[in-house]
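[1] Test case, fold it:
(chains A and B)
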Number of protein chains: 2
Amino acid sequence: MTLHVPLAPRRELPAAFSAALIELLGERFSTAAAVREHHGRDESLYDPMPPDAVAFASSQDEIVAILRQCHEHRVPVIPYGSGSSLEGHLLAVHGGLSLDVSQMDQVLEFRPEDMSITVQPGITRKALNEYLRASGLFFPIDPGADASIGGMCATRASGTNAVRYGTMRENVLGLTAVLADGRVLKAGSLAKKSSAGYDLARLMVGSEGTLGVISEITLKLHPQPEAISAAVCSFASVQGAVQTVIETIQMGIPVARAELVDALAISALNRYFKLELNEAPTLFLEFHGNEASVAEQAQSVQELADGNGGSGFQWATQQEERNKLWSARHNALFAFLQLKPGCRSSSTDVCVPLSRLAECVLGAQDDLASSSLIAPVFGHVGDGNFHVCLLLDPNDAAEVAESERLNRLIVERALAAGGTCTGEHGIGLHKIDYLLEEHGEVAIDVMRAIKQALDPHNLMNPGKIFRSVA
Amino acid sequence: MTLHVPLAPRRELPAAFSAALIELLGERFSTAAAVREHHGRDESLYDPMPPDAVAFASSQDEIVAILRQCHEHRVPVIPYGSGSSLEGHLLAVHGGLSLDVSQMDQVLEFRPEDMSITVQPGITRKALNEYLRASGLFFPIDPGADASIGGMCATRASGTNAVRYGTMRENVLGLTAVLADGRVLKAGSLAKKSSAGYDLARLMVGSEGTLGVISEITLKLHPQPEAISAAVCSFASVQGAVQTVIETIQMGIPVARAELVDALAISALNRYFKLELNEAPTLFLEFHGNEASVAEQAQSVQELADGNGGSGFQWATQQEERNKLWSARHNALFAFLQLKPGCRSSSTDVCVPLSRLAECVLGAQDDLASSSLIAPVFGHVGDGNFHVCLLLDPNDAAEVAESERLNRLIVERALAAGGTCTGEHGIGLHKIDYLLEEHGEVAIDVMRAIKQALDPHNLMNPGKIFRSVA
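    Numbers count the residues shown, from 1 in each chain, chains lettered A, B, ... in the order given. Modelled structure (predicted):
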């Protein structure tokens, strides 16, 4: 068995509710076991917990109609995008309806002059960039999965290039969300900045479906860089690698990606991708700019690396060479999973101030040294965010428990350093207790009060972020 | 008379309240007329509306003690920083206590390696940068006034270099706020990003004192650029100037400042500063980087300007020359006020998508052409934010009414273009109706619901952002 899902009271769907949704959606309302099962799981270790039914919405108006029915009949609703949550966001712990928006995957308006685009929530980040390919613009935020933009809003996602381009927090200009009672909330605008009242767009970004269903999103876009260069460099120590990135940022070098990969992870990459990288802490770097500036950036960072015990600095400007350097990093998880046949990975997600990053990574490696689990470490080191990929047999309760123990040690060290329990994956079910430790009771009470004010019947993804009050 | 302040029920301060505050604060609690008068006004056109008393807090613990008293005795509280609001934020429309935090002006912790700093709310932006001068770091956000950091948080301020460095929204890592009942809320962390629950830091930023008193702020800092260059270029048309900035941003040139100054404003600058600038729409630009990159940026923008009817491109890298080019822009208000002896300026603050900026500026100029008021226009054109400085005699009711009429035309045009009624000044008293027009009733209802959840007795800066429910 895997992680246990907390129990919550459930009741059968009222017949009148199901009838109304069948009338509204026809075959896009389903109670089939396979469909429910598929919507009651995610990429976390939790036992699946299917919803009672699944609704596939095709428009904002349909979301409104569905939520009105849910509100009238007091049926919980779990918004569903691409199913790539890592923290149990999608599990129907109170039963109810999974509201799948993946069919709402259209671009609604593209404004190249404003470098912004309005999309439906079901479009995935890769589909969005495919749409933008010929425009000279792109959307930079790249979590590991091909997540939906709506889901990325809901978890305040980021990825490998947040160090330069920011996270979903900085890249959502505005959004529309349908509230628990079916009202349509418009937040933000097309303007790049605003001081107009409470920042409701920022409140919805990261709310994990607990305050409403995000139905339209206006995103900031960025110019595709004229030139890109990539570099790889290994270090005698984690400290040297981290210090190189600290100095890079302090010098104002606009590095686009700065990924730390630890020695164990490099050995996994070597074995799986048949590479001959030095099995030591390694930085994977990417620079965006014009030809002269990417060369200059790479040279400056190489000098910093040299001063911090770096060696074997390789860099490449041509796409093929760059892909060769970076594809191992981008596909690292496949290599990691080979370290323990049949395993799954449970990923930690702490984010700490840069000055404490090396100590937190080394602390995690120390914890691992005396553990039965093996776990490669990689991280978005420019942000202070790193993942320990705890490899385990999900059917081995002892291994699951050990991964939870290690996760706790890593989180507690991060919180003691002034960091956060989650840099980009969100709270879901898995970090409810850590959230309380991180922010304290007043903050959780304030979050609950906001939730209560906007969703008094606790219908929107209940039981996530904080426990439902009985 | 100037703008009329909406009336609200007031009552005398309870004697027990005053006694408790005297015991707590001694001479730092004042009911002196001059002190109250000073705290009941700001830089807006509103008639002053003094609070019943003023408390000068010297620590977060004191803020807690004061707010507990206010809560117990149901006394409204208006947080007060440097008094530089432009929209009536500080007026005691419900009476009550002005809570002045200007004596809380210390740096609490500076973390150069993390490029972050934790400060008290009363420190001003200039004092902060003075503190940072030798560190190689700086805090970029520069509203016109030497505002307090707490006030800048409260209004989600920005300034001339938000195009590169963002606004207070992007530059607050975390903060502490004391809630209406005296509870201490900690939001955010020292980490650069987080997905840990609702973004309460972003909710407090821009809340204009209506949700709590901001008592500590952790800010993101930026490296002082190795080299700075400045440029000035005039254009045959507003469109040409705006198009140059659009193309600059689309090319990914990281321009640090891009200010549009219209022909009337240039003529005011020429007269006041004895300059000989071409009296045409003009861009003031600034580039940050190293020596090679600022030269390259300036050259690239000059080429773009040439293609858009730009002429007389001057640029300078030495501080003295730069200051010569920019000091007129930075001190423009003094020049503008000379256009009409004895006048004051009422500044509009719309922000629109860049593609609609030229049309909105030209529309405002058209409105002005048939108006009795004269009003130079300047703007943070990289953000789509511009100010029309309506020059008027504050004692002339007709001129005040005319300025309000023009403001309304300018706001309505901005909203029709998908923009916002305020890019950086906030809502205060002045834009309550525009906020409703901009976001609609659902959004205002949501804001009210959040306010009610956190401040059920409506004690925190009541009557601002939206009207108090009777």
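[2] C-alpha only now, for contacts and for neighbours.
    Fine.
[3] helices and strands around the helix or strand containing residue A:434, which ones?
    Secondary structure assigned from DSSP states H and E places residue A:434 in helix A:432-454. Applying 3 or more Cα pairs under 8 Å, 6 or more residues apart in numbering or on different chains; DSSP states H and E, we find helix A:432-454 packed against strand B:184-188, helix B:432-454.
[4] How about the residues of the stretch 251-400 of chain A by chain B?
    By Cα under 8 Å from any Cα of the partner chain, the residues of the stretch 251-400 of chain A that approach chain B are A:251, A:252, A:289, A:293, A:351, A:352, A:353, A:354, A:355, A:383, A:384.
[5] What is the neighbour count of the fifth one?
    Read that as residue A:351. Residue A:351: 35 surrounding residues under other Cα atoms under 10 Å in any protein chain shown.
[6] wait, it sits on residue A:425?
    No: using Cα atoms under 8 Å, residue A:351 is not in contact with residue A:425; the gap is 10.8 Å.
[7] Find me the pLDDT at residue A:322, would you?
    Reading off the confidence values, residue A:322 has pLDDT 87.
[8] cool, residue A:469 as well?
    66.
[9] And for residue A:121?
    Residue A:121 is assigned 98 on the pLDDT scale.
[10] Contact partners for it?
    With contact taken as Cα atoms under 8 Å, 6 or more residues apart in numbering or on different chains, residue A:121 is in contact with A:81, A:101-102, A:104-105, A:148-151, A:214-217.
[11] for those residues, which one is nearest chain B?
    Nearest to chain B, judged by Cα to the nearest Cα, of the contacts of residue A:121 is residue A:151 at 12.5 Å.
[12] can you map out the strands along the stretch 351-470 of chain A?
    Secondary structure of the stretch 351-470 of chain A by DSSP state E, counting those that start in this stretch: the strands cover A:377-380, A:385-392.
[13] Need the CA coordinates for the last one. CSV is fine.
    This file holds the C-alpha atoms of strand A:385-392, laid out as CSV (Å, rounded to 0.1, in the frame of the first residue of the first chain):
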residue,chain,number,x,y,z
ASN,A,385,14.7,25.2,-4.8
PHE,A,386,15.9,21.5,-4.9
HIS,A,387,14.3,18.1,-5.2
VAL,A,388,15.4,14.9,-3.5
CYS,A,389,14.0,12.1,-5.6
LEU,A,390,13.3,9.4,-3.0
LEU,A,391,13.3,6.1,-4.8
LEU,A,392,11.0,3.6,-3.3
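[14] Now that strand: buried residues?
    Buried residues in strand A:385-392, counted by 16 or more other Cα atoms under 10 Å in any protein chain shown: A:385, A:386, A:387, A:388, A:389, A:390, A:391, A:392.
[15] Pipe those into CSV and attach distance to residue A:161 per row.
    What follows is the buried residues of strand A:385-392, written out as CSV (distance: Cα to Cα, whole Å):
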residue, distance to residue A:161
A:385, 12
A:386, 13
A:387, 15
A:388, 19
A:389, 20
A:390, 23
A:391, 25
A:392, 29
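[16] Rebuild the residues you listed as CSV, extending it with pLDDT.
    Converted to CSV, the buried residues of strand A:385-392 look like this (pLDDT from 0 to 100):
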residue, pLDDT
A:385, 98
A:386, 97
A:387, 97
A:388, 98
A:389, 98
A:390, 98
A:391, 98
A:392, 97
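[17] Phi, psi for the residue of the stretch 51-200 of chain A found nearest chain B please.
    Using Cα to the nearest Cα, the single residue of the stretch 51-200 of chain A nearest to chain B is residue A:194, 4.2 Å away. Torsion angles at residue A:194 (phi, psi; degrees, to the nearest 10) stand at phi -160, psi 150.
[18] any idea how far residue B:160 is from the residue lying closest to it once chain neighbours are set aside?
    Excluding the flanking residues, the one nearest residue A:194 by Cα to Cα, 6 or more residues apart in numbering or on different chains is residue B:423, at 4.2 Å. From residue B:423 across to residue B:160, the span is 12 Å (Cα to Cα, to the nearest Å).
[19] who has more neighbours, the two?
    The neighbour count for residue B:423 versus residue B:160, taken as other Cα under 10 Å, is higher for residue B:423 (31 against 27).
[20] I figured that one hits residue B:350, correct?
    Yes: between residue B:423 and residue B:350 there is a contact at 5.6 Å, judged by Cα under 8 Å.
[21] Need the residues touching each of the two.
    Counting by Cα under 8 Å, 6+ apart, the shared contacts of residue B:423 and residue B:350 are residue B:385.
[22] What about residue A:242, how many residues nearby?
    Residues lying near residue A:242 (other Cα under 10 Å) number 30.
[23] Reduced to three states, what does it come out as?
    helix (DSSP: H, G, I helix; E, B strand; the rest coil).
[24] For the residue of the stretch 51-200 of chain A closest to chain B, which residues are in contact?
    Counting by Cα under 8 Å, 6+ apart, residue A:194 has contacts A:188, B:156, B:351, B:420, B:421, B:422, B:423, B:424.
[25] same question, residue A:286
    Listed by Cα under 8 Å, 6+ apart, the contact partners of residue A:286 are A:228, A:229, A:230, A:231, A:255, A:256, A:257, A:258.
[26] ditto for residue A:258
    Residue A:258 makes contacts with A:160, A:161, A:163, A:245, A:283, A:284, A:285, A:286, A:380, A:381, A:382, as judged by Cα under 8 Å, 6+ apart.
[27] Make JSON lines from those residues and add secondary structure, pLDDT and distance to residue A:238 to it.
    Listed next are those as JSON lines, based on DSSP: H, G, I helix; E, B strand; the rest coil; pLDDT from 0 to 100; distance: Cα to Cα, whole Å:
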{"residue": "A:160", "secondary structure": "coil", "pLDDT": "94", "distance to residue A:238": "18"}
{"residue": "A:161", "secondary structure": "coil", "pLDDT": "94", "distance to residue A:238": "20"}
{"residue": "A:163", "secondary structure": "helix", "pLDDT": "96", "distance to residue A:238": "19"}
{"residue": "A:245", "secondary structure": "helix", "pLDDT": "96", "distance to residue A:238": "11"}
{"residue": "A:283", "secondary structure": "strand", "pLDDT": "97", "distance to residue A:238": "10"}
{"residue": "A:284", "secondary structure": "strand", "pLDDT": "96", "distance to residue A:238": "13"}
{"residue": "A:285", "secondary structure": "strand", "pLDDT": "96", "distance to residue A:238": "15"}
{"residue": "A:286", "secondary structure": "strand", "pLDDT": "96", "distance to residue A:238": "19"}
{"residue": "A:380", "secondary structure": "strand", "pLDDT": "95", "distance to residue A:238": "13"}
{"residue": "A:381", "secondary structure": "coil", "pLDDT": "93", "distance to residue A:238": "11"}
{"residue": "A:382", "secondary structure": "coil", "pLDDT": "94", "distance to residue A:238": "14"}
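[28] what is the rounded mean pLDDT of stretch A:250-260?
    Stretch A:250-260 shows an average pLDDT of 95 in the prediction.
[29] For that stretch, what is the distance to the chain centroid?
    Using Cα atoms, centre = their mean, to the nearest Å, the distance from the centre of stretch A:250-260 to the centre of the chain it belongs to is 20 Å.
[30] cool, and stretch A:230-238?
    Relative to its chain's centre, stretch A:230-238 lies at 25 Å (Cα atoms, centre = their mean).
[31] do the same with stretch A:99-107
    That offset, for stretch A:99-107, works out to 19 Å (Cα atoms, centre = their mean).
[32] State the mean pLDDT of that stretch.
    Per-residue scores along stretch A:99-107 average to 98.
[33] thinking again about what came up before, out of the residues of the stretch 251-400 of chain A next to chain B, name the ones that lie in helices.
    In helices, defined here by DSSP state H, the members of those are residue A:293.
[34] want to try CSV for the residues of the stretch 251-400 of chain A next to chain B, with distance to residue B:130 as columns?
    Listed next are those as CSV, based on distance: Cα to Cα, whole Å:
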residue, distance to residue B:130
A:251, 20
A:252, 20
A:289, 32
A:293, 31
A:351, 30
A:352, 28
A:353, 24
A:354, 24
A:355, 24
A:383, 27
A:384, 28
